[in-house]
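J.: give me coordinates for this.
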Amino acid sequence: MPSFDHPDPRRLLQGMYDAAVAAAHPRAIVRRHLPPPPKGRTIVIGAGKASAAMAETLEQAWGGDLSGVVVTRDGYARPTLHIEVAEAGHPIPDERSVHAARRLLHLAATAGDDDLILCLISGGASALAAMPRQGVNLGEKQAVTRRLLARGAAIDDINCVRKHLSSVKGGQLAAAAGKTRIRSLIISDVVGDNIGVIGSGLTAPDPSTCADALRIIDRYQVSISDGVRSQLLSGVWETPKQLPSTVENIIIARPRDGLAAATAFAANHGLPCINLGDRFSASAGEVAAAHVRAINDVLEGTHTVKAPCVIVSGGEAVVNVVGDGRGGPNTEFALALAASLPRRAKIWGIAADTDGTDGIGGHAGAMIAPDTVVRAQAEGLDPQAFLSRNDTASFFERLGDLLVPGPTFTNINDFRAIYVSAP
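T.: Below is the predicted model of the structure:
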C-alpha cells in the first residue's frame, strides 16, 4: 500500500518524540512492576531524573504504608506525601549529592529482614547520589567527571571510574542492606541496557575492576592524586562482584520502547519506518554520517522502504568538546546532519534527549528542515563555524529551531527521527 507525504512534517516528528517519551513515563510503567506489601516496613530509596516521578506514581499505586527518600536533578521534583524528594547537581555532583547518598546508605543499612526496599533508579543517578571514597574529596571527583565528559568518554567508561571512586555505586548501596529484600525498578538510558551501567549500578554487582578504572583514567589523560592512584593500583577500592539473592533488578523501560512507540505513531499516520536501532554509541558527527548513508539509500531507491518514510534511531551520541560554545550531542548531531544533506532533498529531522536536557543549557535538542542551511546563510550563520566551537545550541536558537520541552520526568537516552519526503 503506497504512503503519502505528511502535510506537516514538523508536527509529525514532534508527535513521534512525544510518543517515545510518554511510553517511558513512570505513570505508564511503574504500577505493573510492584510487589505485594511486606510484613515489615516498605522503604523507598532512589536516584535519577525520573526518580521523583516514579515515587509519585508509586505513592498513588501502593496499598500500604511507605516512607523514604529519592534524589533527582534540580527542576525534576514531583509532589509526594510520604516519600521525600531531594534535589542535587547534575551532571556534576555537588554537596547535596553527597548528603543524598549518605541518606540512601543509612536507610538501606537500617532495614530489617521483614522489610522491603523499593529502589527507583534512572539515568542521572551517578551524579545525583555521589559519596566519594575516603581519600577522595568532592572537588577531585567533580574534576574527574568534567574531564571525562569533555573528552567524549562513553557512559560505560565514565561510570566505571565513578564506581571505584564511590562508596555507594557498583552494588555498594545494595550491599549495605544485607539480606533485606530489594526490588529495584530501573529505567534504562544506556546502550545495551546493562543494569551495572545505568546509574552506575547502585544495586547491581560490578564486574569491572580498579584496574579497569585506572586504564580509563589514563586513556583519557585525567589527572588524579597520587593517593587515588595508589588505592586503585592496590585494588582496595574493589566493588562487590556478587550480591545476595534477595536483590532483584527489573528494567521497566528501555530505549527500544520509545522507538517502538514512535514507529507506531508514524504507522498511524500512514508512514513506514526504518528503525536503525538503539545501539548508536559514537561521536555526534559519526552518528550523523551513518544517518546520511541511510537517507541516501532511500533517496537512491536502494532501500526496501521507499519515500515518504521516517528513519528512527536511539542510543547515545557523544561530543569531544574543543570549543567554548553551548550545545550537546543532539544539537551537534542535528547540525552535522543538516550540513551534510543533499541540498535539494526534502528532509526534516528531530534529535532530542528524552530527559529534556541536552548537554549545556535548558534545551533537549533541535529540529532541522530542508531550508535549515539556506536560512542560516541568510542570517550570516556558518554551520561549520558553529560546529567547530561546539556552539550548536546557539545556532538553532538563532533560527528558532531549538527544542525546549522542559523536564520530561523520564530518561531513555537520545531520540532521533528523520522524515524523508517523496522525491
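J.: contacting residues for residue 104?
T.: By CB atoms under 8 Å, 6 or more residues apart in numbering, residue 104 lies in contact with 45-47, 69, 71, 129, 168, 173, 202. Where C-beta positions appear, they are placed from N, C-alpha and C, glycine not excepted.
J.: now it, what are its backbone angles?
T.: In terms of degrees, to the nearest 10, the main-chain angles of residue 104 are phi -60, psi -40.
J.: before we move on, back to that, can you select the buried ones among the contacts of residue 104 for me in PyMOL?
T.: Command for PyMOL that selects the buried part of the contacts of residue 104, burial taken from 16 or more other CB atoms under 10 Å:
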select buried, resi 45+46+47+69+71+129+168+173+202
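J.: please tabulate the contacts of residue 104 in CSV, including the columns pLDDT and secondary structure.
T.: Formatted as CSV, those follow (pLDDT from 0 to 100; DSSP: H, G, I helix; E, B strand; the rest coil):
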residue, pLDDT, secondary structure
45, 98, strand
46, 98, strand
47, 98, strand
69, 98, strand
71, 98, strand
129, 97, coil
168, 97, coil
173, 98, helix
202, 98, coil
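J.: in the stretch 151-300 of the chain, which spans are strands?
T.: Here the stretch 151-300 of the chain has its strands, by DSSP state E, counting those that start in this stretch, at 181-187, 247-253, 273-275, 280-283.
J.: nearest to residue 357, out of those?
T.: Closest approach to residue 357 among those (CB to CB): strand 181-187, 15.2 Å.
J.: pull up the pairing partners for that closest one, direction included.
T.: Take DSSP bridges as the rule and strand 181-187 pairs in its sheet with strand 116-121 (parallel), strand 247-253 (parallel).
J.: output the longest one as CSV - backbone C-alpha positions only.
T.: As requested, C-alpha coordinates have been extracted for strand 247-253 and formatted as CSV (Å, rounded to 0.1, in the frame of the first residue of the first chain):
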residue,chain,number,x,y,z
VAL,A,247,18.3,-8.3,45.3
GLU,A,248,16.1,-8.1,42.3
ASN,A,249,16.8,-5.7,39.4
ILE,A,250,14.0,-5.1,36.9
ILE,A,251,14.3,-2.9,33.9
ILE,A,252,10.8,-1.3,33.4
ALA,A,253,11.6,0.9,30.4
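J.: where among the strands of the stretch 151-300 of the chain is average confidence lowest?
T.: In terms of average pLDDT, strand 280-283 trails the rest of the strands of the stretch 151-300 of the chain, at a mean of 94.
J.: which strands or helices does it pack on?
T.: Applying 3 or more CB pairs under 8 Å, 6 or more residues apart in numbering; DSSP states H and E, we find strand 280-283 packed against helix 284-299, strand 315-318.
J.: just put the ones you listed in TSV and tack on distance to residue 271, mean pLDDT and mean neighbour count.
T.: Compiled in TSV, those are given as follows (distance: least, CB to CB, whole Å; pLDDT from 0 to 100; neighbours: other CB atoms under 10 Å):
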stretch	distance to residue 271	mean pLDDT	mean neighbour count
helix 284-299	12	97	19
strand 315-318	22	94	23
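J.: for residue 225, grab the count of nearby residues.
T.: Using other CB atoms under 10 Å, residue 225 is surrounded by 12 other residues.
J.: and the residue lying closest to it once chain neighbours are set aside, what is it in contact with?
T.: Of all residues not flanking residue 225 in the chain, residue 140 sits nearest, at 6.3 Å (CB to CB, 6 or more residues apart in numbering). Shown in contact with residue 140 (CB under 8 Å, 6+ apart): 132, 224-225, 228.
J.: doesn't residue 140 belong to a helix?
T.: Yes - using DSSP: H, G, I helix; E, B strand; the rest coil, the secondary structure at residue 140 is a helix.
J.: please tell me how far it sits from residue 245.
T.: Noted for residue 140: a distance of 36 Å to residue 245, by CB to CB, to the nearest Å.
J.: now residue 88
T.: 31 Å.
J.: also residue 105?
T.: Distance from residue 105 to residue 245, by CB to CB: 21 Å.
J.: the two: who's more crowded?
T.: residue 105 (20 against 8).
J.: nearest residue to the more buried one in space, ignoring adjacent ones along the chain?
T.: Once flanking residues are discounted, residue 105 sits nearest to residue 176: 5.2 Å by CB to CB, 6+ apart.
J.: now swap in residue 72 and tell me
T.: Nearest residue to residue 72, sequence neighbours excluded (CB to CB, 6+ apart): residue 52, at 4.3 Å.
J.: distance of that neighbour from residue 283?
T.: Remark: distance between residue 52 and residue 283 (CB to CB) = 32 Å.
J.: what about these two, which has more around it?
T.: Neighbour totals were compared for residue 52 and residue 283, and residue 52 leads with 28 against 17 (other CB under 10 Å).
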